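Chemist: Compute the structure for the input listed below.
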Amino acid sequence: MRINRKTRNTIIISVIVVFGLAIAVTCAYLVYKTIIINNTTSDYNNIASSYAANIDEDIDTNADNDTPDATEKKSKGPIDFDSLMAKNDEVYAWIVVPNTQINYPVLQSNSEDNFYLSHDINKRYSFPGAIYSQSCNSKDFTDRVTLLYGHNMANGSMFAGLHKYEDKTFFDENPYFYIYTPGHKLTYEVASALIYDDRHIMNSFDFTDDDVYQKFIDSLLSPHSVNANVREGTSVTINDKIVILSTCPNSGQGRYLVQGVLVSDEPT
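Modeler: Prediction:
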């Protein structure tokens, strides 16, 4: 059947309009997504400035902490948990990884394990989400293994900074990360950083079993993945507690994990 010129022109115009609308919708979505990401990043920066303003001084062991002002700040602790919990009562910790952008509150939803995968500290829908744990972990970091999750954001925010540990020099020069809870400063030595498979670790291993836990530790200290780094001389036993920081790899499948072993628990 032959299509006349008028019909053909109508079809062409319709196709152009459909493609134009698709492009417009895509562009609008990308603009919306960018705005949300930028606003969330700005919000977290403001939260760090307001509620964790003294964090750098607390971590910097070379800082002069003998002044009356510094002594008063230290007595109150570097994190204003009272104000944070008034903002959102599901905040229970704060994590800092030096020389990265990782300086965030840690949350755990009371009702939905992955709520903070897509919601920020204000419980608003957000592409960056928040740093969070699931209900399989206690909030006092006394479990043998604690998992913290965060997005690998293209702008370097959330847990994107973990990928710096792929660089051997950065890995060697930045051996610690810190987690604060009300009344405690927990120091973790980074034992290894590697790409792992995407199984749910807490559901896949019975860490109450000493043999299972030891084999899991061994797998983290003797990885076979590309770009893995292991700290020489690190000893991790079944008596140790570890925190695993988990994010997406930059490419491919699986999870990028940074493992820290608890080496210090100081009062704040």
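Chemist: Please name the bridge partners of residue 230.
Modeler: residue 192 (DSSP bridges).
Chemist: number of nearby residues for it?
Modeler: Residue neighbour count, defined by other Cβ atoms under 10 Å, stands at 17 for residue 230. In this view, the C-beta of every residue, glycine as well, is placed from N, C-alpha and C.
Chemist: Just the pLDDT for it.
Modeler: Per-residue confidence (pLDDT) for residue 230: 97.
Chemist: Next one: it from residue 42, what distance?
Modeler: From residue 230 across to residue 42, the span is 37 Å (Cβ to Cβ, to the nearest Å).
Chemist: How about residue 267?
Modeler: Distance from residue 267 to residue 42, by Cβ to Cβ: 33 Å.
Chemist: neighbour count winner among these two?
Modeler: Per other Cβ under 10 Å, whichever of residue 267 and residue 42 has more neighbours is residue 42, with 10 against 7.
Chemist: Just the pLDDT at the more buried one, thanks.
Modeler: At residue 42, pLDDT is 84.
Chemist: Can you tell me the SS state at it?
Modeler: At residue 42 the chain is in helix, as set by DSSP: H, G, I helix; E, B strand; the rest coil.
Chemist: just the helices in the stretch 1-150 of the chain please.
Modeler: For the stretch 1-150 of the chain, applying DSSP state H, counting those that start in this stretch gives helices covering 5-51, 55-59, 68-76, 81-87.
Chemist: make that the stretch 151-268 of the chain, sorry
Modeler: Assigned by DSSP H, counting those that start in this stretch, the helices in the stretch 151-268 of the chain fall at 168-173, 201-204, 210-221.
Chemist: how many other residues sit next to residue 264?
Modeler: By the measure other Cβ under 10 Å, the count of residues near residue 264 is 11.
Chemist: Find the nearest non-adjacent residue to it, please.
Modeler: In space, residue 264 comes closest to residue 187 once its chain neighbours are excluded; the distance is 3.9 Å by Cβ to Cβ, 6 or more residues apart in numbering.
Chemist: Chain neighbours aside, what residue packs nearest to residue 241?
Modeler: Among residues not flanking residue 241 along the chain, residue 262 sits closest, at 4.6 Å (Cβ to Cβ, 6+ apart).
Chemist: In contact with that neighbour: list those residues for me.
Modeler: By Cβ atoms under 8 Å, 6 or more residues apart in numbering, residue 262 lies in contact with 141, 186, 187, 188, 240, 241, 242, 243.
Chemist: So which of those sit within strands?
Modeler: Applying DSSP state E to these, the entries found in strands are 186, 187, 188, 242, 243.
Chemist: quick one: which of those residues is nearest to residue 85?
Modeler: residue 186 (18.2 Å; Cβ to Cβ).
Chemist: in stretch 126-134, what counts as buried?
Modeler: For stretch 126-134, burial by neighbour count (16 or more other Cβ atoms under 10 Å) applies to 126, 128, 129, 130, 131, 132, 133, 134.
Chemist: on that earlier part again, least confident of the helices of the stretch 1-150 of the chain, on average?
Modeler: Here the helices of the stretch 1-150 of the chain differ in mean pLDDT, and the lowest is helix 68-76 at a mean of 46.
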